[in-house]
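J.: show me the folded form of this:
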Amino acid sequence: MFIKDIRTEFYEKIVGKKRRVLLLVNHDVDALCATKVLLNLFHADNVNYMLVPITGKDQLKRAYTEHAESHPTVVLINCGATIDVIDFLDMGPGRRVYIADNHRPVDIVNVYNGSQVFLVMRPDEETGPAAVPAYDDVFWDSDNEEQGSVQEEQLLRNRKRQWENKRQQLIFDYEEFSFYGSSTAFLFHELSWRLSRDSNDTLWWSIVGVTSMYILDMVDKAKYLSDVDAIRPHVARLNHHDDADLMSIECSRIVLSPELRLFLYRKWSLYESLINSPFTACALRTWTNRGHKQLLQILADMGIPLAKSKQKFGHMESELRKNIRDVVDQTMTKHGVEQVSYTSFYKQFGFKHCYCAADVSLAVGAILEHEEEGSSYLHALDSLSHRNVVQLESGLSLGVAQTVAIYQTVQTLVDMNQVVSAGPFFFAYIQDGVAEWRMFTQPHCFRMLANFLLRAHVASHRSKSKRAPTMPLILSAPLDTENATCILTGLPPLAENSPKNLFGKAFEQAALRSKSRILQDNFDSSIISLRLEDRTRFMDALIALLTT
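T.: Coordinates of the predicted model:
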């Protein structure tokens, strides 16, 4: 069931029972930031816990089976909401599970289980109780099946048949689209605020979580701006100072500021960031000769020599670095590229280190998917601490390498016309010979690649086809060459301007029709794994399904 008060019905319940808590945490940036905030509270209250990072449903079940006996209280972070956890985890009576998850829609059984499942999330009109089918519409009351006359039993059977038909339609409509709700990291920061234990650190971690969801297209612009408006008062409150405490505040302060849609340019060079960032690459089509010439013209109009634009950003003149946002924004607008900046935040660590939220989220995501699962999670967790700037700088370098690999892959697929129309959608697949293909077996990087590729393909055909923005994309990449499996995802059309995704349900139906062996292990149902030998007939079934 949905809890109404996160402080009294979630946190104080955990702290008051003095029991060991099992934290099962999904492998994504928002979950990592939420964990960082929650652990900050646990350490202050001496809560005993065990933290287990997981990457999918199979690991969730194994981790619970292994550790649940000694941990009567379980907290799931960004996992579990979309599945019937009581049945999936085979939870016995007396055990409680708290689910703080940004995946939607929430499983109906979780919503109506009021004794063991507690949903720790911010409900709204699309994800809250008002959006869930009524209890009587999805659960049949067996007390209504009392024995009566033959005529009464026939009427009862007819009524139950009608009820079942209505139930199937209601559940289908409710579960048709998968999407994301509010950031779990920001939810936990608000918990810290209610406990009077919030700080610039907890606020910053929540900002990184919110930003990561936006730059990965998990939420739309309207949702992001709504979150920014909610964050703004916290920034003003925690960073208000006078001359007496100026020095202490300056050592760690957060500032609301416009940010360029350029990836990691402070760590990189302006030239490379303009070429490789998805926004500017698609706006200018930098993979083409014409687009590259336009980029050079833009740099000339900015008054930045080519040699200087290729320098490390930190080596450029201080006056130019100070005004770079205004210069880029004005020049891009002159060349017809609108909205090159957006509202964001950056954090100052002392007098030397200054990081924007987007760069940190990219760095943390790159660390998460670069190393072995156990060590990568701990290193990513450490990188969020301003005391471990070396780990964060390493993540920024990994983020640069990841951005280059994604751009080069998109350039190859677009230049070689490997994005083809398969009827109701575009389809592309990455061969195992492509450089850095193993990088794309990870959900975070694979999602970034798919989003970039769809935008790049639409940008390449914007003058040729009006249909391109209305077409979704299916992208496939090798997953395990030894076992001949691939990873596959689907994205909604750009014209819909909505992150709601119907491919989770569509993949299920196509697998049933084609009798293909798929595995929906990821908590995002639009990402699946598939046997290569089944891919052709699976795609045929998907085409037939979406054509009707």
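
J.: close enough to count as contact, residue 321 and residue 315?
T.: No: the criterion here is C-beta atoms under 8 Å, and residue 321 misses it with residue 315 at 9.4 Å. In this view, the C-beta of every residue, glycine as well, is placed from N, C-alpha and C.

J.: more neighbours, these two?
T.: residue 321 (14 against 9; other C-beta atoms under 10 Å).

J.: any stretches of the stretch 401-548 of the chain with poor pLDDT?
T.: Across the stretch 401-548 of the chain, the ranges flagged by pLDDT under 70 are 463.

J.: meant to ask about the chain
T.: In the chain, residues with pLDDT under 70: 124-130, 142-148, 241-251, 350-351, 371-374, 463.

J.: list the contacts of stretch 158-170.
T.: The contact list for stretch 158-170 (C-beta atoms under 8 Å, 6 or more residues apart in numbering) reads 133, 137-138, 140.

J.: 6 Å - rerun?
T.: Residues outside stretch 158-170 that contact it (C-beta atoms under 6 Å, 6 or more residues apart in numbering): 133, 137-138.

J.: in a markdown table, list these along with distance to residue 226.
T.: Compiled in a markdown table, those are given as follows (distance: C-beta to C-beta, whole Å):
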| residue | distance to residue 226 |
| --- | --- |
| 133 | 26 |
| 137 | 30 |
| 138 | 30 |
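
J.: pull out the buried residues from those.
T.: 133, 138 (16 or more other C-beta atoms under 10 Å).

J.: which single one of the contacts of stretch 158-170 is nearest to residue 330?
T.: For the contacts of stretch 158-170, the residue nearest residue 330 by C-beta to C-beta is residue 133; the value is 51.1 Å.

J.: picking that back up, let's see which of the contacts of stretch 158-170 end up in strands.
T.: When the contacts of stretch 158-170 are checked against strands using DSSP state E, none is located there.

J.: between the contacts of stretch 158-170, which is nearest residue 71?
T.: residue 138 (31.1 Å).

J.: in contact with the closest one, which residues?
T.: By C-beta under 6 Å, 6+ apart, the neighbours of residue 138 are 108, 167.

J.: how about a cut-off of 10 Å?
T.: By C-beta atoms under 10 Å, 6 or more residues apart in numbering, residue 138 lies in contact with 108-109, 111-112, 132, 163, 166-168, 170-171, 174.

J.: same check, this time on residue 411
T.: Shown in contact with residue 411 (C-beta under 10 Å, 6+ apart): 275-276, 281, 286-288, 456.

J.: which SS state does it fall under?
T.: Following DSSP: H, G, I helix; E, B strand; the rest coil, residue 411 is assigned to helix.

J.: filter the contacts of residue 411 down to the buried ones, ChimeraX style.
T.: To isolate the buried members of the contacts of residue 411 in ChimeraX, using 16+ other C-beta under 10 Å:
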select :275,276,281,286,287,456
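
J.: nearest to residue 209 among the contacts of residue 411?
T.: residue 276 (24.2 Å).

J.: thought that closest one was touching residue 406?
T.: Yes: applying C-beta atoms under 10 Å, one finds residue 276 in contact with residue 406, separated by 8.0 Å.

J.: can you pull the residues that touch both of the two?
T.: With C-beta under 10 Å, 6+ apart, residue 276 and residue 406 have common neighbours 263, 452.

J.: next, count neighbours for residue 509.
T.: Residue 509 has 13 nearby residues by other C-beta under 10 Å.

J.: not counting its neighbours along the chain, what's nearest residue 346?
T.: Sequence neighbours aside, residue 356 is the residue nearest to residue 346 in space, at 4.3 Å (criterion: C-beta to C-beta, 6 or more residues apart in numbering).

J.: burial count for that neighbour?
T.: As a burial measure, residue 356 scores 23 neighbours (other C-beta under 10 Å).

J.: contacts only, for it.
T.: 207-208, 211, 255, 257, 259-260, 262, 264-266, 344-347, 362.

J.: what about the spatially most distant residue from the centre of the chain, distance to residue 483?
T.: Distance from the C-alpha centroid of the chain peaks at residue 149, with 56.0 Å (C-alpha atoms, centre = their mean). Shown here: residue 149 relative to residue 483, a distance of 60 Å by C-beta to C-beta, to the nearest Å.

J.: now flag whichever of the contacts of residue 356 is closest to residue 186.
T.: Within those, the smallest distance to residue 186 is 7.9 Å, found for residue 207 (C-beta to C-beta).

J.: so how far is residue 428 from residue 509?
T.: Distance from residue 509 to residue 428, by C-beta to C-beta: 22 Å.

J.: buried only: go through the contacts of residue 138 for me.
T.: Those of the contacts of residue 138 that meet the buried threshold are 108-109, 111-112, 132, 167, 170, 174, by 16+ other C-beta under 10 Å.

J.: lovely, talk soon.
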